[in-house]
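Engineer: Mind looking at a prediction? Sequence and model below.
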Amino acid sequence: MKKVYLSLLCFTLFGLSIQAQERIPEVEEILSKMTLEEKIGQLNLVTPGGGVATGAVVSKNVEDKIKEGKVGGLFGVSGPDKIRIAQEYAVNDTRLGIPLLIGSDVIHGYKTTFPIPLGTASSWDMDLIKQTAQVAATEATADGINWNFSPMVDIARDPRWGRIAEGAGEDPYLGSQIAKAMVEGYQGEDLALPNTMISTVKHFALYGAAEGGRDYNTTDMSRLRMFNEYLPPYKAALDAGAASVMSSFNDVDGIPASGNKWLLTELLRDRWGFDGFVVSDYTSVNEMIAHGLGDLKAVSALSLKAGLDMDMVGEGFLTTLGKSVKEGKVSEEEITTAARRILEAKHKLGLFEDPYKYLDSKRPETDILTQEHRDLARKAARGSFVLLKKHQDALPVSKSAKIALVGPLADNKNNMLGTWAPTGDPSLSVSILEGFKNVAPEATISYAKGANISNDTSFAKKVNVFGPRIMISEESAESMLEEALAAAEKSDIIIAAVGEATEMSGEAASRTDIKIPESQKILIRELAATGKPVVLVLMSGRPLDISEEMDLPVSILQVWHPGVEAGNAIADVVFGDYNPSGKITASWPRNVGQIPVYYSVKTTGRPAPSEDFAKFKTNYLDAKNSALIPFGYGLSYTTFEYSDVKADQKELTRNGKISLSAKVTNTGNYNGEEIVQLYIHDKVRSVTPPVKELKGFQKISLKKGESKIVTFEITEEDLKFYNTQLDFVAEPGEFEFFIGGSSAIEAAGSFNLNN
Ligand code: BGC
């Protein structure tokens, strides 16, 4: 395609720096024919309500609006035949025949549901994560979708926040790598191909830092913290080419993100050079009325002028922007700019050439939920599991063992997919009981539910809004417990599937108590007291407070919400066909009072000298500072030892590089995989540094007895941070380095960055 460059010059007008855009002739031609109303129509995103309605409004009269040219995009609709009808309205019934963007929340797989994102993140396997996104794109596009509202890259350090499930956890470096892998997976090499879709990085910005972990709550932080800790994953997604951005519900520096010009224009476009389009979150423009920024007309004008291009569901743009133009509050040019960005996205997808390119009705049959995709879901699930505790070699379990399989999540399909899986079908998921029978047909399995997920009916009601996730049994708690103990009695080993129901995490699912619900704790205590080996297969969408369970004589395998192949993947690990290798990516607290808890805390003037209490130092009277389970932690059936951790030189020059390496040896009895992590601590700089920061990782396989040297090359670039001027700099001086199997490791040595 030949592109015309109107001008590549930057020029200054009334003190504003204006960067002329690269223009696309086809888009400019259409724009030149459009009326103001038609342009405003392109800024309107509607849903007929086929998906998850997360706000009060569901769009009305969608069909008429499309035909009247009042819709730029549609979401919550799936299937080529249905979408074709909508696309035909847009193409055949409107004056200019502009096709629609078709959006969807494909968060962790489409029909082939992968583990929740916090789970796949725990694999630290970027190829695997990218493949899951590619499969999601293949399936979603086969079903007519061309625009995905993923990845969610919000850094989250508060496990009370239910949406921690949807992201990569607490770390900006790891979060950035994952953001990149996902965008590349969704968008592929070429957005015009029929099996790739536009990726939306969300929720811009800082949505994961809601005060108190309460969803949609206020966010407030310094620019320094934003730039160094919260913004990198969004930036990484954009650098990887994400063609759209979703603004978040929360405040950023006192102004809601959807109306925040600093965020959506100065940072996003002027500083970062983003040239795609920005969509609001669900009714987030309208919600600025409740935030206190004015009426619908005022907040819609504010958003457009701030740099928001598309209004999700709220229709503030559709119903008020015309008036604002008449009143001189918004210029037609500002509307043209937003419409241009939407049309450019349609152009990138090739929709002007063929509006029906994603609508091949034969594709769903051949491209969705194939065996190959299910195999990948099984692999991704296995890779996401984290062995949190080993007790007396209970794992792996012999395939001919007598097993008591108990717990409310053991024979349960409704809770396997996890939060934000509206395109998945829970009935297609493999339960743990089924998985055990598939993988170990010769085992003797006695199943008992043992307990309800929760006995609290009012809690269950809140959790069950999207389906029967918490089933409170007619049977009494006592008789369920007795049944479980009877099953335990006749078995060699007890496997208890416990934890959270799907809707106990995710959007609008914040909790102040993040322990396993009491109904299940009673069961766990009783099982542990039998003296038989006990393995907890723990499901959750967040880090939990499992201080009590860590002290019980049990092994703990964290499996998140594993997706459609849940039971098979869990059986693969329990019976030793796969040796667990995941490491957690968000710290697990000792108790809620310790939150936020994360490894890369800053230095203070009064550091606690050790894990013991010291008066007048920064610590608590009643809990240690460290996490119960630190970032980067996870065990294996085998053991790994680190030795010879060293730097190849003492001095790093500005243009040079330094090699930091360690010898890793598999010292146990199984072949296994280890995630080798490199952390750095900048000892002296102009802005207080974190005590350590992840700067690299490698996932390696080691046969039993085998050793490998793992090397990380570090340059000045890796040592940079944002200073008080928000310049990205590396300051000379001493840097400590750490290489090991979790963030809880001691420094191995140091090197100097020279001036
Ligand atoms: C969520 C977004 C999602 C949107 C559309 C909102 O409530 O915050 O993540 O993309 O709904 O479903």
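Structural biologist: Great, that's in hand.

Engineer: From now on I want contacts and neighbour counts done on CA atoms only, so please keep to that.
Structural biologist: OK.

Engineer: and K521, backbone torsions?
Structural biologist: Backbone torsions for K521, taken as degrees, to the nearest 10, come to phi -60, psi -40.

Engineer: For it, give its distance to the ligand.
Structural biologist: 32 Å (C-alpha to the nearest ligand atom, to the nearest Å).

Engineer: which residues are in contact with the helix or strand hosting L318?
Structural biologist: Counting by DSSP states H and E, the element that carries L318 is helix 316-326. Residues outside helix 316-326 that contact it (C-alpha atoms under 8 Å, 6 or more residues apart in numbering) are 36-37, 40-41, 43-44, 70, 285-286, 296-297, 300-301, 311, 330-332.

Engineer: Stretch 602-619 now?
Structural biologist: Stretch 602-619 is contacted from outside by Y620, L621, K624, N625, S626, T688, P689, P690, V691, using C-alpha under 8 Å, 6+ apart.

Engineer: Can you tell me which of those is nearest the ligand?
Structural biologist: Ranked by distance to the ligand (C-alpha to the nearest ligand atom), those are led by P690 at 30.0 Å.

Engineer: Look up how far the ligand lies from the nearest residue to the closest one once chain neighbours are set aside.
Structural biologist: What sits nearest to P690 in space, not counting adjacent residues and going by C-alpha to C-alpha, 6 or more residues apart in numbering, is K602, at 3.9 Å. Distance of K602 to the ligand, computed by C-alpha to the nearest ligand atom: 30 Å.

Engineer: What residues sit buried inside whichever strand or helix holds E549?
Structural biologist: In this structure, E549 is located in helix 547-551 according to DSSP H and E. By neighbour count, and taking 16 or more other C-alpha atoms under 10 Å as the criterion, the buried residues in helix 547-551 are E549, M550.

Engineer: Could you pull up the mean pLDDT of it?
Structural biologist: For helix 547-551, mean pLDDT rounds to 98.

Engineer: Which residues does that helix contact?
Structural biologist: Taking C-alpha under 8 Å, 6+ apart as the rule, helix 547-551 contacts K389, R590, N591, L628.

Engineer: Show the model's pLDDT score for the residue nearest the centre of the chain.
Structural biologist: The chain has G167 as the residue nearest its centroid, 1.9 Å off, counting by C-alpha atoms, centre = their mean. Looking at G167, its pLDDT reads 98.

Engineer: just the one 5 residues further on next, same as before
Structural biologist: According to the model's per-residue confidence, P172 sits at a pLDDT of 98.

Engineer: What is the neighbour count of it?
Structural biologist: Using other C-alpha atoms under 10 Å, P172 has 25 other residues around it.

Engineer: Next: Q392.
Structural biologist: Neighbours around Q392, by other C-alpha under 10 Å: 11.

Engineer: now do N591
Structural biologist: 18.

Engineer: before we move on, what about G605?
Structural biologist: 8.

Engineer: quick one: secondary structure of it?
Structural biologist: Going by DSSP: H, G, I helix; E, B strand; the rest coil, the secondary structure assigned to G605 is coil.

Engineer: Excluding chain neighbours, what is closest to D220?
Structural biologist: Nearest non-adjacent residue to D220 (C-alpha to C-alpha, 6+ apart): D253, at 5.9 Å.

Engineer: now swap in Y642 and tell me
Structural biologist: Y642's closest residue in space is V664 (C-alpha to C-alpha, 6+ apart), at 4.8 Å.

Engineer: How about K692?
Structural biologist: Closest to K692 by C-alpha to C-alpha, 6+ apart is H681, at 4.6 Å.

Engineer: Just confirm that neighbour is within a strand.
Structural biologist: Yes - residue state for H681 (three-state DSSP) corresponds to a strand.

Engineer: show me where pLDDT drops low in the protein?
Structural biologist: Across the chain, the ranges flagged by pLDDT under 70 are 1-21, 50-57.

Engineer: who in it is up against the ligand?
Structural biologist: Counting by C-alpha under 6 Å from any ligand atom, the positions of the chain adjacent to the ligand are T54, D105, F149, D281, Y282.

Engineer: give me every residue that touches the third one.
Structural biologist: Residues in contact with F149, defined by C-alpha under 8 Å, 6+ apart, are G103, S104, D105, V106, I107, S199, T200, V201, K202, M246.

Engineer: What is the nearest of those to the ligand?
Structural biologist: Out of the contacts of F149, the member with the shortest distance to the ligand (by C-alpha to the nearest ligand atom) is D105, at 5.5 Å.

Engineer: which secondary structure elements does the helix or strand immediately after the helix holding E549 in the chain contact?
Structural biologist: Next along the chain after helix 547-551, taking DSSP H and E as the criterion, comes strand 555-558. Under the contact criterion of 3 or more C-alpha pairs under 8 Å, 6 or more residues apart in numbering; DSSP states H and E, strand 555-558 touches strand 386-389, strand 534-539.

Engineer: Go again with 10 Å.
Structural biologist: In terms of contacts (3 or more C-alpha pairs under 10 Å, 6 or more residues apart in numbering; DSSP states H and E), strand 555-558 is packed against strand 386-389, strand 493-499, strand 534-539, helix 547-551, helix 566-574.

Engineer: Nearest to A257 among those would be which one?
Structural biologist: Nearest to A257, of all the helices and strands packed on strand 555-558, is strand 534-539, at 33.0 Å by C-alpha to C-alpha.

Engineer: how many other residues sit next to R271?
Structural biologist: Neighbours of R271 using other C-alpha under 10 Å come to 10.

Engineer: What separation do you get for it and the ligand?
Structural biologist: In terms of C-alpha to the nearest ligand atom, R271 sits 25 Å off from the ligand.

Engineer: Repeat that for A394.
Structural biologist: As judged by C-alpha to the nearest ligand atom, A394 and the ligand stand 40 Å apart.

Engineer: P553 against D393, yeah?
Structural biologist: No - when contacts are counted by C-alpha atoms under 10 Å, P553 is not listed as touching D393 (11.4 Å).

Engineer: which residues do the two both contact?
Structural biologist: Here P553 and D393 share the contacting residues P533, scored by C-alpha atoms under 10 Å, 6 or more residues apart in numbering.

Engineer: what about stretch 490-505, start to end distance?
Structural biologist: Start-to-end span of stretch 490-505 (C-alpha to C-alpha, to the nearest Å) is 35 Å.

Engineer: how far does that stretch sit from the chain's center?
Structural biologist: 24 Å (C-alpha atoms, centre = their mean, to the nearest Å).

Engineer: List the buried residues in it.
Structural biologist: 491, 493-505.

Engineer: go on, stretch 597-608?
Structural biologist: Under 16+ other C-alpha under 10 Å, the buried positions of stretch 597-608 are V597, Y598, Y599, S600, A608.

Engineer: Surely the fourth one and T688 touch.
Structural biologist: No - here S600 lies out of contact with T688, judged by C-alpha under 10 Å, at a distance of 11.8 Å.

Engineer: one step back: now intersect the contacts of helix 316-326 with the strands, please.
Structural biologist: N44, D311 (DSSP state E).

Engineer: The closest residue to the ligand within the stretch 301-450 of the chain bridge partners, please.
Structural biologist: Closest residue of the stretch 301-450 of the chain to the ligand, C-alpha to the nearest ligand atom: M312 (7.9 Å). As for beta bridges, M312 partners with L45 under DSSP bridges.

Engineer: Surely it and S104 touch.
Structural biologist: No - applying C-alpha under 10 Å, one finds M312 not in contact with S104, separated by 12.0 Å.

Engineer: which one of those two has more residues nearby?
Structural biologist: Legend: neighbour count by other C-alpha under 10 Å for M312 and S104, higher for M312 (26 against 23).

Engineer: what about that one, distance to T653?
Structural biologist: Taken as C-alpha to C-alpha, the span from M312 to T653 is 50 Å.

Engineer: Equivalent analysis for Q392, please.
Structural biologist: Look at Q392 and T653: by C-alpha to C-alpha, they are 49 Å apart.
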